[in-house]
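*Asks:* Build me a structure from this.
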Amino acid sequence: MNITAKTISTWIAPWWARYEGTDYLNVARELKQRESMSLDERLAEQWGKLQAMVRYAWEHCSYYRRRFRENGFEPGDLKGWDSFRTFPLLTKQDIRDSGRELFASGVDPKALISRKTSGSTGESLHFFVTEKDCDFKRGVSLYRDQWTGWRLGDWKAMVWGNPSYLDSWRDRLRNALIERRFSLDTLKMDEAMMMAFAQQILRKKPTMLFGHAHSLYLFARFWEMQGLQPYRFRGILSTAMVLHEHERKTCEEVFDTPVFDRYGCEEVSLIASECQAHLGLHVNTDSLVVEVVKNGAPATSGEEGAVVVTDLCNRTMPFIRYLVGDMAIPTENICPCGRSYPRLSRVTGRIADYLRTPEGHWVSGISLTENFATLIPGLEKIQIVQEKMNEIRLRIIPGPRFDDQSRAAVQRLVTERFGTSMRYEIEIVSQILAEPSGKYRFSICRLTSE
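*Replies:* So this is what the prediction gives:
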């Protein structure tokens with residue numbers, strides 16, 4: 001760590017934290033000190049936080065009083081995990097329909113911070129938090145980010161859509177003094193912008209490259225194709241979308257740097273993250289309860305299920321057993337890093353981006369697209385769109401080697417993955433636009449019903 005970074009982490013950041021009245025630096029420090037906790041100790045601590053949140057929701061939120069009573073439940077009935085799993089799930093539509101019911105009583109309206117998800121399923125979600133709600137989770141994220149080798153005070157290069165750290169003079173000052181972030185806007189990833197960003201990296205020498213998985217991959221390919229001089233970060237932190245193995249491999253080879261996958265969402269922040277062992281993602285039990293559910297019961301190790309989270313920090317709009325909309329696979333294997341957090345072997349994609357065969361079977365769009373991307377010669381980029389049960393459209397940006405052999409590979413793969421009755425159309429395009437958030441969707445399912 002250079003003298004500037006050392007000064008920031010030792011003096012400037014603690015002073016600013018006291019000025020803001022935030023405890024996130026202490027949270028990160030304490031979590032680091034408690035890494036040797038056993039799994040039983042972690043779960044016992046998590047259970048105490050969960051009991052407190054359930055009682056708080058009962059006492060302060062009319063929505064939960066109503067829903068609990070409808071299910072014949074009172075806080076005193078929470079005796080163990082089995083009883084907790086009888087709680088009704090909270091869906092995005094429930095949140096939209098709840099109005100003020102989901103707001104906790106006694107929250108100062110002036111303290112509310114409006115948040116909105118990007119709406120990758122077609123409809124955004126609007127909710128509220130306060131700075132106090134976010135304080136602990138901010139410390140969790142700082143603690144986990146340092147698994148990559150990056151340290152507070154180091155420069156961080158970001159490949160991100162709609163960067164918010166320059167929104168106000170206070171944000172700009174904080175960024176200059178503490179965060180030290182600079183970014184490539186994923187909504188403007190043309191060659192000129194990528195070259196300017198690359199030159200900033202070579203000049204400022206950041207220790208972390210952070211961003212959307214697919215956008216990191218595109219930037220790594222640009223770096224390689226331009227023949228830019230070698231540069232090695234301490235870590236590359238990938239988030240916001242599923243990281244494909246071929247994308248990880250490209251990023252690691254181009255920058256000679258390990259990639260760390262991170263999973264989270266706007267509603268609850270960090271859910272799970274990868275450690276130095278790179279054998280799955282450690283679940284964040286410090287500020288969340290994370291379940292993987294299949295057919296109403298916990299998914300077993302190696303079994304895919306829906307991700308359900310309970311936020312242990314948000315006391316403005318409590319999210320209890322919230323159905324995130326993602327699919328993941330839990331694992332019981334012990335991580336050689338020594339940390340006892342429960343783990344996910346991988347996140348497999350968004351439920352909304354699962355496609356259907358004409359026979360009605362589900363197909364993971366994320367896994368499907370990775371398969372197509374690696375097995376079709378001459379392919380630059382692909383997006384699969386389904387609007388009818390028996391028809392898909394493959395939007396393809398072709399490379400110089402895209403030819404009849406490539407089209408034959410498309411036909412073979414469609415037949416293998418969807419069956420002989422699936423019709424398909426190849427649409428050759430010059431670009432595939434990102435979502436307003438800057439994310440790129442590999443697959444889009446627009447079927448109106450199941």
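
*Asks:* chain center to stretch 73-89, what's the gap?
*Replies:* The chain centroid and the centroid of stretch 73-89 are separated by 28 Å under C-alpha atoms, centre = their mean, to the nearest Å.

*Asks:* Quick one: residues in contact with that stretch.
*Replies:* By C-beta atoms under 8 Å, 6 or more residues apart in numbering, the residues outside stretch 73-89 that reach it are 50-51, 54-55, 58, 67-68, 70-71, 289, 291, 297-298, 308, 320-323. All C-beta atoms are positioned from the backbone trio N, CA, C, and that covers glycine.

*Asks:* What subset of the residues you listed is buried?
*Replies:* When these are checked for burial by 16 or more other C-beta atoms under 10 Å, the buried set is 50, 54, 58, 67, 68, 289, 291, 308, 320, 321, 322, 323.

*Asks:* pretty sure the second one is touching residue 312, no?
*Replies:* What that stands for is residue 54. No. Using C-beta atoms under 8 Å, residue 54 is not in contact with residue 312, being 10.2 Å away.

*Asks:* one step back: can you tell me which of the contacts of stretch 73-89 end up in helices?
*Replies:* 50, 51, 54, 55, 58, 67, 68, 70 (DSSP state H).

*Asks:* Adding distance to residue 377, write the residues you listed out as JSON lines.
*Replies:* Output for the ones in helices among the contacts of stretch 73-89, formatted as JSON lines (distance: C-beta to C-beta, whole Å):
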{"residue": "50", "distance to residue 377": "51"}
{"residue": "51", "distance to residue 377": "57"}
{"residue": "54", "distance to residue 377": "55"}
{"residue": "55", "distance to residue 377": "59"}
{"residue": "58", "distance to residue 377": "59"}
{"residue": "67", "distance to residue 377": "53"}
{"residue": "68", "distance to residue 377": "57"}
{"residue": "70", "distance to residue 377": "56"}
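
*Asks:* Helices of the protein, start to end?
*Replies:* Ranges of helices in the chain, per DSSP H, are 3-7, 13-20, 24-33, 39-60, 62-70, 81-84, 92-98, 131-145, 169-174, 191-204, 213-226, 245-255, 365-375, 404-418.

*Asks:* how close does the closest residue to residue 5 other than its chain neighbours sit to residue 7?
*Replies:* Using C-beta to C-beta, 6 or more residues apart in numbering and skipping residues adjacent in sequence, the residue nearest residue 5 is residue 153, 3.3 Å away. Note on residue 153: its distance to residue 7, by C-beta to C-beta, to the nearest Å, is 7 Å.

*Asks:* what about these two, which has more around it?
*Replies:* residue 153 (23 against 13; other C-beta atoms under 10 Å).

*Asks:* need the contact list for the more buried one.
*Replies:* Counted by C-beta under 8 Å, 6+ apart, residue 153 has contacts 1, 4, 5, 6, 7, 8, 9, 13, 178, 180.

*Asks:* Farthest-apart pair in the residues you listed, please.
*Replies:* Spanning the widest gap among those are 1 and 178, at 14.4 Å by C-beta to C-beta.

*Asks:* So for the two, which sits in the more crowded spot?
*Replies:* Neighbours per residue (other C-beta under 10 Å) separate residue 1 from residue 178, with residue 178 holding more: 17 against 14.

*Asks:* give me every residue that touches the residue lying closest to the more buried one once chain neighbours are set aside.
*Replies:* Leaving out its chain neighbours, the residue that sits closest to residue 178 by C-beta to C-beta, 6+ apart is residue 13, at 5.1 Å. Counting by C-beta under 8 Å, 6+ apart, residue 13 touches 25, 152, 153, 178.

*Asks:* Between which two of those is the distance greatest?
*Replies:* Among these, 25 and 153 lie farthest apart (C-beta to C-beta), at 11.7 Å.

*Asks:* Any regions of the chain where pLDDT drops low?
*Replies:* By pLDDT under 70, the weakly predicted segments of the chain are 1, 118-124, 161-167, 187, 350-354, 364-367, 369-371, 434-440, 448-450.

*Asks:* Quick check: most distant residue from the centroid of it.
*Replies:* Of all residues in the chain, residue 404 has its C-alpha farthest from the mean position, at 37.4 Å, by C-alpha atoms, centre = their mean.

*Asks:* There's contact between residue 266 and residue 115 in this structure, I believe.
*Replies:* Yes. Residue 266 lies in contact with residue 115 (C-beta under 8 Å); the separation is 6.1 Å.

*Asks:* My guess is residue 305 contacts residue 327. True?
*Replies:* Yes. Between residue 305 and residue 327 there is a contact under C-beta under 8 Å: 6.9 Å.

*Asks:* so what sits against both of the two?
*Replies:* The contact sets of residue 305 and residue 327 do not overlap (C-beta under 8 Å, 6+ apart).

*Asks:* higher neighbour count, the two?
*Replies:* Each of residue 305 and residue 327 has its neighbours counted (other C-beta under 10 Å); residue 327 has more, 24 against 19.

*Asks:* ok, now how distant is that one from residue 222?
*Replies:* Look at residue 327 and residue 222: by C-beta to C-beta, they are 31 Å apart.

*Asks:* what's the answer for residue 298, then?
*Replies:* According to C-beta to C-beta, residue 298 stands 43 Å off from residue 222.

*Asks:* Please apply the same query to residue 39.
*Replies:* 42 Å.

*Asks:* So for those two, which sits in the more crowded spot?
*Replies:* For residue 39 versus residue 222, neighbours defined as other C-beta under 10 Å are more numerous around residue 222 (18 against 13).

*Asks:* Spatially, what comes nearest to the more buried one if we skip its sequence neighbours?
*Replies:* Excluding the flanking residues, the one nearest residue 222 by C-beta to C-beta, 6+ apart is residue 194, at 4.8 Å.

*Asks:* Cool, thanks, talk later.
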